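> I'll drop the sequence and a predicted model, then ask my questions.
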Amino acid sequence: MLKDDFSDLEMQRLNKLEQLRAIGQEPYPLRAHKSHTNASAVALFEKAEAEGSQEPVEVVLAGRLRAIRHMGKLSFAHIEDRTGKIQLLMRVNEIGAEKLDEFVRFYDLGDFIEASGQMMRTRRGEVTLQVQDFRMLSKALLPLPADKDETVDGEVVRHAQLTDPETRYRRRYVDLAVNPEVREIFRVRAETVKAIRAFLDERDFMEVETPILQPIYGGAAARPFTTYHNQLHQELFLRISFELYLKRLLVGGLDRVYEIGRDFRNEGVSFKHNPEFTQLEFYMAYADYNSIMAITEQLVAETAQKVLGTMKVQFGGQEIDLTPPWNRIQIRQGLIDQAGIDIHQYPDADSLAAAMREKGIAFKPDVSRGKLINTLLETYLEPIMIQPTFLYDYPRDISPLAKAKLDDPTTVERFEGYVGGMEICNAFTELNDPLDQEQRFLEMGHTYSEDEEERNPMDEDYLQAMAYGMPPNGGLGLGIDRLVMLLTGQHTLREVILFPHLREADDKPQEKKPDEK
RNA sequence: GGGCGCGUAGCUCAAUGGCAGAGCAGCGGCCUUUUAAGCCGUUUGUUGGGAGUUCGAUCCUCCCCGCGCUCACCA
């Protein structure tokens, strides 16, 4: 039972709850009767004040008790709702000794209360609700972390703030309840997604939903999560991307489609990787990677403007200017400049590997030319792309769904967008030639060994769809979580994902799982 | 998965191979304009879990759990 684990502190609160019931006060009443938000009550009072009105401003406010200061025959408190905090003043003159005593004895920080009365201004000038009556809306049995705010020269200084990351992520509700800046991050996140939708909707894109449980996964090089449908006796994969389904829709005449949703990748966790993450993908018929580049920088810049009111963000101690046009670096030229290697002089993996070895660059042996080039990108280019940059023209062998360049069959029309040294999007002129696509699938089958899980399986139905005719198109995948990191100045995905993945908390240490060795 | 670091009261953090502490929160008082309210008094704990060394372990050693950083992985 819940209360079996209660500490003395928590038992005290439970006692208070029972005492409230004993005097006929329901600690969890069915309904509240809040008439104003805290902010609107303040605004209402200030307006009346400005107009010199003598009419009392009567309101019913509700919120969570965040500060209590008892002073004998009166008590001050602050309650907080979604619009902020407001001070309550409870005087024995208005509410009577019995009611004041009730507040002192049975109400704790963290409780939700409702209070009615008239707005007034204290001697110190704070707009305050002078309480006529109040009641419990919800008794909190567990105490919230005891933070306290101090105002020094107008700056709010937080004391004893909840900072332990494990508590913050595992009990995000507590984190949100006591850390307003965390609530702000998720407000920005919600606004970001809203702005992206608006941007695409305005351009006649149609939002769609495609399968998350897929019989064949594809569209990215990643290991999938697997699951099983009991009735159908079918192995299923959680999608690693939306790509192949969205492009099928282009075949069906849906020229502009997008989806915002969750991808799942069974890989390591890091500051920029979470096993499930939110992705935007859109596909646009009759576009190519050049037009997608232009739309992408516009999308990100407009979103920042709408959400933050500026296209300049602070990230990693640097100011990043998202205003279009972004930098554009062709991979070959970028590597000539930064690594001193012209990849065109090394048409195969062996020769490129030799050149890299000569320069003392560490790399994994026995990988494709494309993967070697990718290593070069990560080493030489990624870290320096702080200001928004499109890196373009990728190796064909690591881009099986992108169309090759006319004058260079080893290179495809693909770009990735980097901001703050972090990849935020990936796009290409989509391959729409079914025979070429089939060839690519076959090549992937050779490039990756049978047991490599990021090997993309041949998707026969996708090929068939393409064989019916797919309009030329460009598509984009953009990591929403990473974009929100950028817009909120956070340096780990965990800060922008409400419930980030953590290892399972084990209350009974020493006990190994049965299947563990 | 590897390496490094961390885990002490509800929160933030001290401490020492020898009785485990402070502030806030809590509890009991005083207090009618406070706002980290103040003043007086007072309680907290399996020092993440287990084992070992030791007369004695929160401290040293080992194992386990969790978190963080980092490497690997991640077109």
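It's in.
> residue in the stretch 351-500 of chain A with the shortest distance to RNA strand B?
A:Ile398 (3.7 Å; CB to the nearest atom of the strand). In short, each C-beta sits where N, CA and C put it, glycine included.
> ok, which stretches of chain A are helices?
Remark: helices assigned in chain A by DSSP state H are A:8-22, A:38-50, A:92-106, A:165-170, A:172-178, A:180-202, A:243-251, A:289-308, A:331-339, A:349-358, A:369-376, A:434-447, A:460-467, A:480-488.
> and the last one, what does it pack onto?
What that stands for is helix A:480-488. Helix A:480-488 sits against helix A:180-202, strand A:276-285, helix A:289-308, strand A:312-315, strand A:422-429, with contacts defined as 3 or more CB pairs under 8 Å, 6 or more residues apart in numbering; DSSP states H and E.
> tally of neighbours for A:Gly252?
Close neighbours of A:Gly252, defined as other CB atoms under 10 Å, add up to 11.
> how close does it get to A:Arg223?
30 Å (CB to CB, to the nearest Å).
> please apply the same query to A:Ala140.
Applying CB to CB, the value for A:Ala140 to A:Arg223 is 43 Å.
> the more surrounded of these two?
Remark: of A:Ala140 and A:Arg223, A:Ala140 carries more neighbours, 20 against 16, as counted by other CB under 10 Å.
> who's in contact with the more buried one?
A:13, A:64, A:108-112 (CB atoms under 8 Å, 6 or more residues apart in numbering).
> RNA strand B next: which of these are close?
When contact is defined as CB under 7 Å from any atom of the strand, these meet RNA strand B at A:108-109.
> including neighbour count and pLDDT, could the contacts of A:Ala140 go into JSON lines?
Formatted as JSON lines, these follow (neighbours: other CB atoms under 10 Å; pLDDT from 0 to 100):
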{"residue": "A:Arg13", "neighbour count": "20", "pLDDT": "90"}
{"residue": "A:Arg64", "neighbour count": "20", "pLDDT": "95"}
{"residue": "A:Asp108", "neighbour count": "17", "pLDDT": "93"}
{"residue": "A:Leu109", "neighbour count": "17", "pLDDT": "92"}
{"residue": "A:Gly110", "neighbour count": "21", "pLDDT": "93"}
{"residue": "A:Asp111", "neighbour count": "23", "pLDDT": "94"}
{"residue": "A:Phe112", "neighbour count": "19", "pLDDT": "95"}
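> out of the contacts of A:Ala140, who's nearest A:Ala48?
Closest approach between those and A:Ala48, by CB to CB: A:Arg64, at 26.3 Å.
> bridging residues for that closest one?
Beta-bridge pairing of A:Arg64 under DSSP bridges involves A:Glu80, A:Phe112.
> A:Phe363 is in contact with A:Leu352, isn't it?
No - between A:Phe363 and A:Leu352 there is no contact under CB atoms under 8 Å: 9.3 Å.
> if you count surrounding residues, which of those two has more?
A:Leu352 (23 against 15).
> any idea how far RNA strand B is from the closest residue to the more buried one other than its chain neighbours?
Excluding its sequence neighbours, the residue lying closest to A:Leu352 (CB to CB, 6 or more residues apart in numbering) is A:Tyr346, at 3.8 Å. Between A:Tyr346 and RNA strand B the computed distance is 18 Å (CB to the nearest atom of the strand, to the nearest Å).
> please apply the same query to A:Arg328.
Plainly put, A:Arg328 is 18 Å away from RNA strand B if you go by CB to the nearest atom of the strand.
> contacts only, for the nearest residue to that residue once chain neighbours are set aside.
Nearest residue to A:Arg328, sequence neighbours excluded (CB to CB, 6+ apart): A:Phe390, at 4.9 Å. The neighbours of A:Phe390, taking CB under 8 Å, 6+ apart as the test, are A:293, A:296-297, A:326-329, A:415-418.
> and with 7 Å instead?
With contact set as CB atoms under 7 Å, 6 or more residues apart in numbering, A:Phe390 has these partners: A:293, A:326-328, A:415, A:417.
> among those residues, who's most crowded?
Ranking the contacts of A:Phe390 using other CB under 10 Å puts A:Phe415 first, with 28 neighbours.
> so that residue is in contact with A:Tyr392, correct?
Yes - with contact defined as CB atoms under 7 Å, A:Phe415 reaches A:Tyr392; the gap is 3.8 Å.
> where does chain A have low pLDDT?
Counting by pLDDT under 70, chain A shows low-confidence ranges at A:446-456, A:505-517.
> rerun that using 80 as the cut-off
Residue ranges of chain A with pLDDT under 80: A:1-8, A:146-147, A:151-160, A:362, A:364-366, A:444-457, A:504-517.
> re earlier: can I get the helices of chain A in CSV including distance to A:His233?
As requested, the helices of chain A are exported to CSV (distance: least, CB to CB, whole Å):
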stretch, distance to A:His233
helix A:8-22, 49
helix A:38-50, 56
helix A:92-106, 58
helix A:165-170, 36
helix A:172-178, 38
helix A:180-202, 37
helix A:243-251, 23
helix A:289-308, 41
helix A:331-339, 46
helix A:349-358, 41
helix A:369-376, 37
helix A:434-447, 26
helix A:460-467, 20
helix A:480-488, 35
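> just these: most buried one?
Ranked by mean neighbour count under mean count of other CB atoms under 10 Å, these are led by helix A:480-488, which reaches a mean of 24.
> measure how that one sits relative to strand A:276-285, angle-wise.
Using axes from the mean of the first three to the mean of the last three CA atoms, to 10 degrees, the direction of helix A:480-488 lies 100 degrees away from that of strand A:276-285.
> contacts for helix A:480-488, please.
Residues outside helix A:480-488 that contact it (CB under 7 Å, 6+ apart) are A:185, A:188-189, A:192-193, A:260, A:272, A:274, A:277-280, A:300, A:304, A:307-308, A:313, A:315, A:419-420, A:422, A:424, A:491, A:493, A:496-497.
> of the residues you listed, which ones also sit close to RNA strand B?
Within the contacts of helix A:480-488, nothing lies near RNA strand B by CB under 7 Å from any atom of the strand.
> how far out from the middle of the chain is stretch A:24-39?
Counting by CA atoms, centre = their mean, to the nearest Å, stretch A:24-39 is centred 32 Å from the centre of its parent chain.
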